[in-house]
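Peer 1: Got a predicted structure plus its sequence, pasted below:
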Amino acid sequence: METRAATPEDAPLVAAHRRAMFAEMQAGDAAALATLEAASIPWTASKIREGRYLGWITESDRQAVASAGLLILDMPPHPLDPEGVHRAHLLNVFVEPGHRHRGLARELIELCLREAERRSIRVVTLNASEAGRPLYEKLGFRVSNEMMRVAR
Ligand SMILES: CC(C)(COP(=O)(O)OP(=O)(O)OC[C@H]1O[C@@H](n2cnc3c(N)ncnc32)[C@H](O)[C@@H]1OP(=O)(O)O)[C@@H](O)C(=O)NCCC(=O)NCCS
């Protein structure tokens, strides 16, 4: 197993993992997921180019078996990080079913957290799936006061 940084050429893979992640979470119907995957490819490629999407891909025999991403967001200083002007959002955590429960997700998330720390980013957010929640809690994530409204 080897883990490497994602390049813009990996955008289709990142988008496919994103779609597979939401499919397992039963979020969105097939049409929405197909649209999401297609729209994610150019978005991901451009964010990787800008250095805003930091992705990592774990490969076994040159086949991608897991990946995760960290999106660097502009945010104003906040009491949780009074001098900070960035937050990081952990996303697209996905491990192929045949490679689960071997610590791949934990390794990728720890890599993302080390990168946030290296950049002195104190606040890392994410939206947890049921499957991901126990792992995130073990890594120190807590439920926050965030609310969300989705337009109809
Ligand atoms: C959730 C997911 C990323 C976990 O990947 P994984 O490589 O199997 O996870 P790991 O082997 O690194 O497990 C890490 C820890 O989480 C626990 N864990 C993993 N999957 C779990 C599950 N389904 N339910 C409860 N705990 C789980 C493990 O026991 C492990 O604990 P430990 O490190 O103390 O031993 C993977 O199941 C997946 O891709 N699911 C579909 C997509 C998804 O839900 N992604 C997360 C979006 S927020």
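Peer 2: Perfect, thanks for sending it. Numbers count the residues shown, from 1 in each chain.
Peer 1: Show me what whichever helix or strand Thr44 is part of is packed up against.
Peer 2: For Thr44, the element it lies in under DSSP states H and E is helix 30-50. For helix 30-50, the elements it packs on are helix 11-24, strand 53-60, judged by 3 or more Cβ pairs under 8 Å, 6 or more residues apart in numbering; DSSP states H and E. For glycine as for every other residue, the C-beta is placed from the backbone atoms N, C-alpha and C.
Peer 1: counting contacts, what elements does the shortest one pack onto?
Peer 2: So that's strand 53-60. Using 3+ Cβ pairs under 8 Å, 6+ apart, strand 53-60 sits against strand 2-5, helix 11-24, helix 30-50, strand 63-74, helix 104-118.
Peer 1: quick one: pLDDT of the residue nearest to the spatial centre of the chain?
Peer 2: For the chain, Leu91 is the residue whose C-alpha lies nearest the centre (Cα atoms, centre = their mean; 1.8 Å). pLDDT for Leu91: 98.
Peer 1: Ala6 too?
Peer 2: Per-residue pLDDT puts Ala6 at 98.
Peer 1: what residues are up against the residue lying closest to it once chain neighbours are set aside?
Peer 2: Closest residue to Ala6 apart from its sequence neighbours, by Cβ to Cβ, 6 or more residues apart in numbering: Gly55 at 3.0 Å. Neighbouring residues of Gly55 by Cβ atoms under 8 Å, 6 or more residues apart in numbering: Ala5, Ala6, Asp10, Val14, Thr44, Ile48, Ser67, Ala68, Gly69, Leu70, Asn92.
Peer 1: Same list, those, but as a markdown table with distance to Ala32 please.
Peer 2: Shown next, in a markdown table, are the contacts of Gly55 (distance: Cβ to Cβ, whole Å):
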| residue | distance to Ala32 |
| --- | --- |
| Ala5 | 29 |
| Ala6 | 24 |
| Asp10 | 23 |
| Val14 | 18 |
| Thr44 | 18 |
| Ile48 | 24 |
| Ser67 | 21 |
| Ala68 | 22 |
| Gly69 | 20 |
| Leu70 | 25 |
| Asn92 | 17 |
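Peer 1: Looking at those residues, which is nearest Glu110?
Peer 2: Ala68 (10.0 Å; Cβ to Cβ).
Peer 1: Count residues in the vicinity of the closest residue to the closest one other than its chain neighbours, would you?
Peer 2: Once flanking residues are discounted, Ala68 sits nearest to Leu108: 3.9 Å by Cβ to Cβ, 6+ apart. Residues within reach of Leu108, counting by other Cβ atoms under 10 Å, total 25.
Peer 1: That's all I had, so thanks and see you.
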